[in-house]
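Peer 1: 3D model of this:
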Amino acid sequence: MRFVSLAICVSACTPAPTTLQEALLGDRDRGDLVAMRAHGWELWQHLAGGEHLAWEHWPATEQMFAAKPVARPKFRTPRPFRNGDAIEAETLPVMFDVLFDPHAARHVRVQHLAEREVLDTLAELPAFPTDATAVKLTWYAVHAHGLTAMPIWDGEPAQPDADGNPDRTWQRAIAVDPDRTVIPDGELADVTLGGHAFSAKVRPLSAFLVRDLVAEDLESARRATHDPSLVAGDHVALVAAHVSTKEIPDWTWQTYWWHDAPTEGRFAAGKPELHGAAANYLMDVTYSAGTPCFNPWLEARFPDGLQSNCVTCHQRAVVGAADYLPVTRTRLKSDDPYFAGHIPTDFLWSVAFEAR
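Peer 2: Predicted structure coming up:
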């Protein structure tokens, strides 16, 4: 993604990186957030800023891992989890799919990583190639006509909630209008979401990256969103995307989410000029396990989710894993008891959970 030029040192100095991996690892080791964010925005431009979405024809994990592969990606509801005595489950029309780029997909196929009987014989998982990319896309159902209420996350609460900050608790909502592309600034509409009334800013569906529902999508979309009224011609708007690249051994971790003020705040820092709907997304990024990096649509619902970290979560992906919680931060050592008798799946939960 980035071209690195050699610098001439007049006096003793650290040699300039000669490869992209060296440059990215140097950014990580220096804690150079500006450089990491620049790389994250460059990835976003490559994936989502063009005329076509880069992942549009990538295979979904259930097309690679399922015992009976499906023709099209199937939408899934975010996994429920236990929070004390309660089960936390998604109640809004949110769903996701996970896609691998052709390099990652080829690695799964060639190394037979979709076959649990093969995984069970390995002493170590063959590492994914340095050009591999995986994306987790989170969608919100929008009906083809009328307004659809959607919650908006406006930043960390004054007092982080150890019990989580799920989307149904967010304090603001917008109204998505699929019928107009130009809407006057300041136009409001009264909507209800999760039993709460909002005076919501109206935004056009064209402000989002969008996928239209076709007949083959309906069964999984209706099940995932708990909305049996969805029909072909309705839409799903991209509200969040996790992007992981194997450009460094622990992968790079970028996460993006839609916002109606996409140029404001620290999650917009360093954003280059983007065009179209891709410009309306914020970003968080990390290459290490020490600092928070999360997506409000995905991790905010966890206990202490606003303090979560991508690397810390994904390092727990092992053959035979039972869960991805609790939220922690720090890099586990290779001899940590957690790994005893379990093969790490190169940070990919899809391999850990979906191999059959």
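Peer 1: quick check: end-to-end length of stretch 218-232?
Peer 2: In stretch 218-232, first residue to last residue: 7 Å (Cα to Cα, to the nearest Å).
Peer 1: what does it contact?
Peer 2: 74-77, 91, 93-95, 141, 143-144, 213-215, 217, 236 (Cβ atoms under 8 Å, 6 or more residues apart in numbering). No exception for glycine: its C-beta is placed from N, CA and C like everyone else's.
Peer 1: out of those, which are buried?
Peer 2: Buried subset of these (neighbour count, 16 or more other Cβ atoms under 10 Å): 74-77, 93-95, 141, 143-144, 213, 217, 236.
Peer 1: now render those as CSV, adding distance to Glu354 and pLDDT.
Peer 2: Listed next are those as CSV, based on distance: Cβ to Cβ, whole Å; pLDDT from 0 to 100:
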residue, distance to Glu354, pLDDT
Lys74, 12, 85
Phe75, 15, 92
Arg76, 11, 90
Thr77, 15, 90
Pro93, 23, 94
Val94, 20, 95
Met95, 16, 94
Ala141, 23, 97
His143, 30, 97
Ala144, 32, 97
Leu213, 23, 96
Asp217, 20, 93
Val236, 21, 97
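Peer 1: tell me the contacts of Phe208?
Peer 2: Neighbours of Phe208 in contact, by Cβ under 8 Å, 6+ apart: 176, 237-239, 258, 277, 280.
Peer 1: identify the residue nearest it in space, chain neighbours excluded?
Peer 2: Spatially, and ignoring its direct neighbours in sequence, Phe208 is nearest to Ala237 (3.9 Å; Cβ to Cβ, 6 or more residues apart in numbering).
Peer 1: got it, and Arg116?
Peer 2: Ala355 (4.7 Å).
Peer 1: Arg301 now?
Peer 2: Nearest to Arg301 is Pro166, by Cβ to Cβ, 6+ apart, at 3.8 Å.
Peer 1: okay, now that neighbour: neighbour count?
Peer 2: Residues near Pro166, counting by other Cβ atoms under 10 Å, number 23.
Peer 1: same deal with the one 3 residues further on?
Peer 2: Other residues near Thr169 number 16, with proximity taken as other Cβ under 10 Å.
Peer 1: relative to His107, how far out is it?
Peer 2: Using Cβ to Cβ, to the nearest Å, Thr169 is found at 39 Å from His107.
Peer 1: if we can go back for a sec, so which of the buried ones among the contacts of stretch 218-232 belong to strands?
Peer 2: 94-95, 141, 236 (DSSP state E).
Peer 1: closest one of those to Gln63?
Peer 2: Met95 (16.4 Å; Cβ to Cβ).
Peer 1: what residues are up against that closest one?
Peer 2: Counting by Cβ under 8 Å, 6+ apart, Met95 has contacts 75-78, 138-139, 141, 220-221, 224-225, 236.
Peer 1: which members of those residues occur in helices, if any?
Peer 2: Using DSSP state H, 220-221, 224-225 are the members of the contacts of Met95 that sit in helices.
Peer 1: the stretch 151-300 of the chain: helices as residue ranges?
Peer 2: 218-225 (DSSP state H, counting those that start in this stretch).
Peer 1: low-confidence ranges, it, go.
Peer 2: 156-162 (pLDDT under 70).
Peer 1: quick revisit: save the buried ones among the contacts of stretch 218-232 as JSON lines, and put in distance to Thr291 too.
Peer 2: Shown next, in JSON lines, are the buried ones among the contacts of stretch 218-232 (distance: Cβ to Cβ, whole Å):
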{"residue": "Lys74", "distance to Thr291": "34"}
{"residue": "Phe75", "distance to Thr291": "31"}
{"residue": "Arg76", "distance to Thr291": "29"}
{"residue": "Thr77", "distance to Thr291": "29"}
{"residue": "Pro93", "distance to Thr291": "32"}
{"residue": "Val94", "distance to Thr291": "26"}
{"residue": "Met95", "distance to Thr291": "29"}
{"residue": "Ala141", "distance to Thr291": "33"}
{"residue": "His143", "distance to Thr291": "39"}
{"residue": "Ala144", "distance to Thr291": "41"}
{"residue": "Leu213", "distance to Thr291": "38"}
{"residue": "Asp217", "distance to Thr291": "37"}
{"residue": "Val236", "distance to Thr291": "31"}
